[in-house]
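Trainee: next comes the sequence, and after it the predicted model I'd like to discuss.
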Amino acid sequence: MIKMCSLRIKESDYNKIKIIAENNDRSVNKQIERLIKNAIADYEKINGEIKLENNNA
């Protein structure tokens with residue numbers, strides 16, 4: 001399931017993400033998804049897998 005959420009970030013940060021996305025041939029949305037996935041993976045490397053209950057998967 002895909003969840004939608006509103007994100008508030010500084011315009012300068014958005015513009016930087018947009019440049020990164022363009023360099024990676026991604027949309028801004030897909031680039032933000034990638035950044036989030038990478039942050040979760042980095043967290044889990046240090047702290048172990050995050051266990052989710054069945055209704056939160």
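Mentor: Everything's here; your move.

Trainee: pLDDT weak spots in the protein?
Mentor: Across the chain, the ranges flagged by pLDDT under 70 are 55-57.

Trainee: try it again with 80
Mentor: For the chain, the stretches with pLDDT under 80 are 54-57.

Trainee: find the centremost residue of it, please.
Mentor: The centroid of the chain falls nearest to Ile36 when counting by C-alpha atoms, centre = their mean (2.2 Å).

Trainee: in PDB, could you pull the C-alpha coordinates for the helix or strand hosting that one?
Mentor: In this structure, Ile36 sits in helix 28-47 according to DSSP states H and E. What follows is helix 28-47, C-alpha atoms only, in PDB (Å, rounded to 0.1, in the frame of the first residue of the first chain):
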ATOM      1  CA  VAL A  28      11.400  14.600  -7.300                       C
ATOM      2  CA  ASN A  29       8.900  12.200  -5.600                       C
ATOM      3  CA  LYS A  30      10.900   9.100  -6.600                       C
ATOM      4  CA  GLN A  31      14.100  10.800  -5.400                       C
ATOM      5  CA  ILE A  32      12.500  11.500  -2.000                       C
ATOM      6  CA  GLU A  33      11.300   7.900  -1.800                       C
ATOM      7  CA  ARG A  34      14.900   6.800  -2.500                       C
ATOM      8  CA  LEU A  35      16.200   9.100   0.200                       C
ATOM      9  CA  ILE A  36      13.700   7.700   2.700                       C
ATOM     10  CA  LYS A  37      14.500   4.100   1.800                       C
ATOM     11  CA  ASN A  38      18.200   4.700   2.200                       C
ATOM     12  CA  ALA A  39      17.700   6.400   5.500                       C
ATOM     13  CA  ILE A  40      15.700   3.400   6.800                       C
ATOM     14  CA  ALA A  41      18.300   1.000   5.500                       C
ATOM     15  CA  ASP A  42      21.100   2.900   7.200                       C
ATOM     16  CA  TYR A  43      19.100   3.000  10.500                       C
ATOM     17  CA  GLU A  44      18.500  -0.700  10.300                       C
ATOM     18  CA  LYS A  45      22.200  -1.500   9.700                       C
ATOM     19  CA  ILE A  46      23.000   0.200  13.000                       C
ATOM     20  CA  ASN A  47      19.900  -0.700  15.100                       C
END
